[in-house]
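Visitor: Predicted model, plus sequence, below.
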Amino acid sequence: MSILQKVRYAENWNIGFCEQTPTELLLKQGLNKIEWLKHSYKDRWFADPFIYKVTDTEIIVFIEECPIENSKGILCELVVDRKSKVLKERYVLLELDTHLSYPCIIKHEGKTYVYPENGASGQLNLYEYDENHHRLINPITIIEEALVDATIWKQDKVYYMLATKVPNVQEKAYLYKSSSLFGKFVQVCESPIQSNRKYSRQGGNWFEVNNKLYRPAQDCVVRYGSALSVMKVDKQMETYKEYLLFQLQPNTKKYQLGLHTLNFHEGICVIDAYGYLYPWLGRVYYSAFSRKVIQLIKRVK
């Protein structure tokens, strides 16, 4: 890949970790110090992190891996040193002909399942995780719709799922339900339960604090995944209501363009964020490019 191609590729996603619980996040309304994943890959980026396991020495996360050259995501498992945040091992969990992302995790009857975003396939599949072989196996179609970033929450023996739909993937969120994790999921109502780009698209797993329900949502007003909105949800899911508590903004020089996924597990918080692959060259290129586009528009007018 040429240097020009690398400079032109604006999005350089990475994942970061901090010692923080959902309770601490709500009290602080912000994140503790983030330690970014250290790895040697220059031809791909990592995003959409979900924590599978935390030990005294390691953090194991499922992520979207996206090669810069073709931008088609695959799902990978990363084994990260807990102290140094250095990537120790990488396994490919699932690769298809179509784009994969958002490997959302749910535990059920002693097994771990993943239901990744694969909107290009026109359906949502639930996979069983095979820990011995580091693979996602035995797919079951739980809904035949092109959904994006679907996220399930179980309440009173009912499985609720919030997702946006292709093509309005950032604007309209719909609520579904099923009596079984294995589907089929049906819409609770025909109308979207959220229609605001500031907090429609899901940005991680639901979480509960003091019997109150919360969800992270992507703010896509400025650009896709520019920030995270933390929403407080009325637990009467059939008459869904929510409101914005606060937002999390990118606040590092290297990853200053946005963040769009937030998850917790056993005292560890994981996020993703993005910036330019080559920060200084990227800023110069895109500012010059933007000015040129503006000039062209003015000439056309």
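Guide: Perfect, thanks for sending it.
Visitor: in the stretch 51-200 of the chain, which spans are strands?
Guide: Assigned strands in the stretch 51-200 of the chain, in chain order: 58-67, 74-81, 87-94, 105-108, 111-114, 124-130, 135-143, 147-155, 158-165, 173-178, 186-187 (criterion: DSSP state E, counting those that start in this stretch).
Visitor: Nearest to Gly225, out of those strands?
Guide: Gly225 lies closest to strand 147-155 among the strands of the stretch 51-200 of the chain, at 10.5 Å (C-beta to C-beta). Bear in mind the C-beta positions are built from the backbone N, C-alpha and C, glycine included.
Visitor: partners of the closest one in the sheet?
Guide: As defined by DSSP bridges, the strand partners of strand 147-155 come to strand 158-165 (antiparallel).
Visitor: Report the inter-axis angle for the partner strand versus strand 124-130.
Guide: Between the axes of strand 158-165 and strand 124-130, defined by axes from the mean of the first three to the mean of the last three C-alpha atoms, to 10 degrees, the angle is 120 degrees.
Visitor: For Pro139, list the residues it contacts.
Guide: Contact analysis of Pro139 by C-beta atoms under 8 Å, 6 or more residues apart in numbering lists Asn125, Leu126, Tyr127.
Visitor: of the residues you listed, closest to Tyr160?
Guide: Nearest to Tyr160 among the contacts of Pro139, with distances taken as C-beta to C-beta, is Leu126, at 15.0 Å.
Visitor: Report how many residues lie close to that closest one.
Guide: The number of residues packed near Leu126 is 22, by other C-beta atoms under 10 Å.
Visitor: partner residues bridging it?
Guide: Here Leu126, judged by DSSP bridges, has bridge partners Ile140.
Visitor: 131 is where my numbering starts, stick with that
Guide: Renumbered: residue one is now 131, and that last one reads Leu256.
Visitor: Please determine how far it is located from Glu207.
Guide: Using C-beta to C-beta, to the nearest Å, Leu256 is found at 17 Å from Glu207.
Visitor: now do Val339
Guide: Using C-beta to C-beta, Val339 is found at 28 Å from Glu207.
Visitor: Looking at the two, which is more packed in?
Guide: Per other C-beta under 10 Å, whichever of Val339 and Glu207 has more neighbours is Glu207, with 23 against 15.
Visitor: Hmm, Asp279 and Lys295 touching each other?
Guide: No. The pair Lys295 and Asp279 fails to qualify as a contact (C-beta atoms under 8 Å) at a distance of 10.6 Å.
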